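Engineer: build the 3D model from these lines:
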Amino acid sequence: MIYSIQIITVNHYKKRRIPCRKLITKLIRLARNLLFNMCAELIDFLKKIISSQDFIKQHRQSPTNFIRQRKLPFSILIFFLINLIKGSYQDELDHFYKAIFSFDVARRIVTKAALAKARMKLKYEAFLDLNSHLIEYFYQNFRPQRWNGFTLLAIDGTTVQLPRIEAITKYFGAWNPRQGGKCPMARVSQMFDPLNQITVDAIIEPKETGERELAAFHFLKLMPKDLILLDRGYPAYWLFNLVISRGADFCARIQRKRWKIVRQFYNSGKTEKIISLPVFPSSRKQCKEMGLDPKPLKLRLIRVELDTGEAEILITSLLDTQTYPYEQFAELYHLRWPVEEDYKTMKQWIEIENFSGKSVLSVYQDFHAKVFSKNLTSALVYPTRSIIDTNTENSLYRYQRNFAQTLSKVRDVIPLLFLRSSEVLCKLISDIQAIIVKTIEPIRPGRKFPRNFNNRSGRFHYGYQPIR
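Structural biologist: The predicted model follows:
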């Protein structure tokens, strides 16, 4: 309702050509104030969780941890770790306390040794729990964008480099390059909402864990009216069966040589076809382990003609050709692309590979803390979408916020959101959103750049400069 006040009212008066600019402006201002309050309520909601004794007891390593009042208590440690830390312990600590105490010059409040000891008392699951509460609150209160009533969720994986520490290498595993020593690596997977720029679930595990196995863990959290978008590396009978068993749906790109039934469809030249996919011997073991009924699956194959003259094949559980016509699927699958871009955000701007600790626990803490911070940032600036659309509706292109600048602006502000009064909190959120609506980039449809897999020009790309 909050979003419709602004958008529908403006469109209503423009269509009727009624000169009610003052009324429209007043309604827009009212809608913005409601959005500020919604974001403030989210922070209050999370703050109560972090400060609750149940949360502290659940996420401390020992019952004797965080029972005495020290300079780095449980909640302050949480706020420090979600502040997108990237530098050395001591520099980040001095910078953190300078921000929260409004010092003109940094002062030594907490030492790096104290931080190292404190974070060993904290379970990394605290950030997973916070992220779950954030996701639940966002979908219940922020009126997120959906596709035909579905929550779109794209699955994708990547690998990340880890610190060259013996304990980390032993736990996560390592690549053995032709030159140089072992390179510790972990495998990362995320279930990402591309329409709302939210990571619904994120996993970091040893590199030997396969992407399909991690996808299965994501799928255990699926709900009815979720629609999964999958790249061509994921299709497998048992994964499709798992998605359907959760009451969800999927649309996946599949290699035309993957299965005989797909090859026959590709060679037929048809644009779409309903098929019965039998269980393959390679999937029987997984189905048995997960308690899935190995029955044939009724699915739909779709041919999408590309600009290059080639054709790609999609396979989906959306069988209703009237509700989901053939013409929608090229655009639907393209909506998966933001999950690829989000990994650039995580690696270049958030620097998830820039780990602050030297233990396996610190790797998990840093990763999940930064995922939570990214989601919190997306939620706080989500209301700016309608404002940007209204401000640029007469422009040649549609516009979107510059997320790199957004991350830069919230750094050091994140802890203040939890530590300041309610009045200051609303002003902080208002100030953040005010500058974000002015920091925008045009969306140029049809813009493409060829992938250059041989580019070894540097660790960081010019277009993804680090943020402070």
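Engineer: when you work out contacts or count neighbours from here on, use the C-alpha atoms and nothing else.
Structural biologist: Will do.
Engineer: what stretches of the chain score poorly on pLDDT?
Structural biologist: Where the chain drops to pLDDT under 70, the residues are 1-35, 179-180, 445-468.
Engineer: try 50 this time
Structural biologist: Scanning the chain for pLDDT under 50 picks out 1-10, 13-14, 17, 456-458, 460, 462.
Engineer: kindly indicate whether the residue sitting nearest the centre point of it is helix, strand or coil.
Structural biologist: Centroid-nearest residue in the chain, with Cα atoms, centre = their mean: Thr199, separated by 2.3 Å. Following DSSP: H, G, I helix; E, B strand; the rest coil, we place Thr199 in the strand state.
Engineer: now do the one 4 residues further on
Structural biologist: Under the three-state scheme (three-state DSSP), the conformation of Ile203 reads as strand.
Engineer: kindly state the beta-bridge partners for it.
Structural biologist: Beta-bridge partners for Ile203, by DSSP bridges, are Ser189.
Engineer: list the contacts for it?
Structural biologist: Ile203 is in contact with Val188, Ser189, Gln190, Leu214, counting by Cα atoms under 8 Å, 6 or more residues apart in numbering.
Engineer: now those in CSV, with distance to Gly173 and neighbour count?
Structural biologist: Converted to CSV, the contacts of Ile203 look like this (distance: Cα to Cα, whole Å; neighbours: other Cα atoms under 10 Å):
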residue, distance to Gly173, neighbour count
Val188, 13, 22
Ser189, 16, 24
Gln190, 20, 24
Leu214, 16, 22
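Engineer: so for the residue nearest to the centre of the chain, what's the nearest residue that isn't a sequence neighbour?
Structural biologist: Distances taken as Cα to Cα, 6 or more residues apart in numbering put Phe192 closest to Thr199, at 4.4 Å, once the chain neighbours are dropped.
Engineer: could you give the number of residues near the one you found?
Structural biologist: Using other Cα atoms under 10 Å, Phe192 has 25 other residues around it.
Engineer: what's next to the host helix or strand of it, contact-wise?
Structural biologist: For Phe192, the enclosing helix or strand under DSSP states H and E is strand 183-193. Under the criterion Cα under 8 Å, 6+ apart, residues 151-164, 168-169, 172-177, 198-209, 211, 214-215, 218, 339 lie in contact with strand 183-193.
Engineer: now, which of these lie within strands?
Structural biologist: Judged by DSSP state E, the contacts of strand 183-193 include 151-161, 174-175, 198-206 as members of strands.
Engineer: which among those residues count as buried?
Structural biologist: 151-157, 161, 174, 198-206 (16 or more other Cα atoms under 10 Å).
Engineer: next, count neighbours for Lys344.
Structural biologist: Neighbour count of Lys344, defined by other Cα under 10 Å: 15.
Engineer: for it, give its distance to Trp337.
Structural biologist: Counting by Cα to Cα, to the nearest Å, the separation of Lys344 from Trp337 is 12 Å.
Engineer: next one: Glu441
Structural biologist: Glu441 is 18 Å from Trp337, where distance means Cα to Cα.
Engineer: how is this protein partitioned into domains?
Structural biologist: The chain breaks down by automatic domain parsing into domains covering 2-124+357-400+419-446, 151-339.
Engineer: would you reformat those as TSV and include distance to Phe138?
Structural biologist: Shown next, in TSV, are the domains of the chain (distance: least, Cα to Cα, whole Å):
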stretch	distance to Phe138
domain 2-124+357-400+419-446	7
domain 151-339	9
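Engineer: columns distance to Arg60 on top of the contacts of Ile203, output as a markdown table?
Structural biologist: Formatted as a markdown table, the contacts of Ile203 follow (distance: Cα to Cα, whole Å):
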| residue | distance to Arg60 |
| --- | --- |
| Val188 | 25 |
| Ser189 | 26 |
| Gln190 | 26 |
| Leu214 | 26 |
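Engineer: closest one of the residues you listed to Pro325?
Structural biologist: The shortest approach to Pro325 among the contacts of Ile203 belongs to Gln190, at 28.7 Å (Cα to Cα).
Engineer: what are the boundaries of the strands in the stretch 351-468 of the chain?
Structural biologist: Secondary structure of the stretch 351-468 of the chain (DSSP state E, counting those that start in this stretch): strands located at 398-401, 440-443.
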